[in-house]
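Student: Here's my sequence, what's the structure:
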Amino acid sequence: MEIGFGMGEATAQIAAADTTTGYLAVEVHRPGIGKLLLRVEELQLKNVRTIEGDAFEVLEQMIVDNSLDGVHLFFPDPWPKARHFKRRIVNQEFIAAVAAKLKPGAFFHIATDWQPYAEWIAEEFTKQTFFTGGEVERPDWRPLTRFEDQGINKEHPVTDFRFIKK
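Tutor: From the prediction side, this is the model:
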């Protein structure tokens, strides 16, 4: 499952590289969904499904517990102003929601180019008991996203996290 896939470039590339795995892409931005669907058709991918909706609602109402092999969350909005921190997707409630849907041994991969958000993510994961893991090197399988490229151009360090459900 990929949460917040933007325009779907990375989703399409990952799915094309591994056509034996099914990918569920969740997004609220309709133009991004349309862009991904065009790319899926262009690449003739049979392993991608999309859902337009809020990730919390999708997890709660549409995903069976212990059913996912992995979740990708690439470059979520960091909501950099302190008064907006409550809008950050990575928090205890979200971590618990994702953990409930992952199979034991499944992964949760997060990437961000905003160092204060990386610190926030690391801290939020120290408070939970569902996962082991932490910061990792950028994996070869993760394509360069538009947001990542913009961050690199601004000389933002990119941080990848990989957590494994206990």
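
Student: CA atoms for contacts and neighbours, from now on please.
Tutor: Fine.

Student: Tell me which other helices or strands the top helix by length along the chain touches.
Tutor: For the chain, the longest helix by residue count, based on DSSP state H, is helix 30-43. Counting contacts by 3 or more CA pairs under 8 Å, 6 or more residues apart in numbering; DSSP states H and E, helix 30-43 packs against helix 9-17, strand 48-52.

Student: Tell me which of those sits most buried.
Tutor: Mean neighbour count (mean count of other CA atoms under 10 Å) peaks for helix 9-17 among those, with a mean of 19.

Student: Put the alpha carbons of the helix or strand just after that one into CSV.
Tutor: Using DSSP states H and E, the helix or strand that follows helix 9-17 in sequence is strand 23-27. C-alpha atoms of strand 23-27 as CSV (Å, rounded to 0.1, in the frame of the first residue of the first chain):
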residue,chain,number,x,y,z
TYR,A,23,0.0,-2.4,-5.1
LEU,A,24,-2.8,-0.4,-3.6
ALA,A,25,-2.3,3.3,-4.0
VAL,A,26,-4.3,5.7,-1.8
GLU,A,27,-4.6,9.4,-2.5
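
Student: Renumber starting at 30 from here on
Tutor: Understood, numbering begins at 30; the last thing we discussed is strand 52-56.

Student: What lies in contact with strand 52-56?
Tutor: 30-35, 40, 44, 62, 76-84, 87 (CA atoms under 8 Å, 6 or more residues apart in numbering).

Student: Show me what counts as buried in it.
Tutor: 52, 53, 54, 55, 56 (16 or more other CA atoms under 10 Å).

Student: coming back round to it: show me the one of the helices and strands packed on helix 59-72 that comes nearest residue 137.
Tutor: With CA to CA as the measure, helix 38-46 is the member of the helices and strands packed on helix 59-72 nearest residue 137 (15.2 Å).

Student: now the strands: where do they sit in this structure?
Tutor: 31-32, 52-56, 77-81, 97-103, 131-141, 160-165, 188-194 (DSSP state E).

Student: Which residue lies nearest the spatial centre of this protein?
Tutor: residue 102 (1.3 Å; CA atoms, centre = their mean).

Student: Could you check how far the closest residue to it other than its chain neighbours is from residue 74?
Tutor: Spatial nearest neighbour of residue 102, excluding adjacent residues (CA to CA, 6 or more residues apart in numbering): residue 139 at 4.8 Å. As defined by CA to CA, to the nearest Å, residue 139 lies at a distance of 24 Å from residue 74.

Student: same check, this time on residue 160
Tutor: Taking CA to CA, one finds residue 160 at 32 Å from residue 74.

Student: I appreciate the help and will end here.
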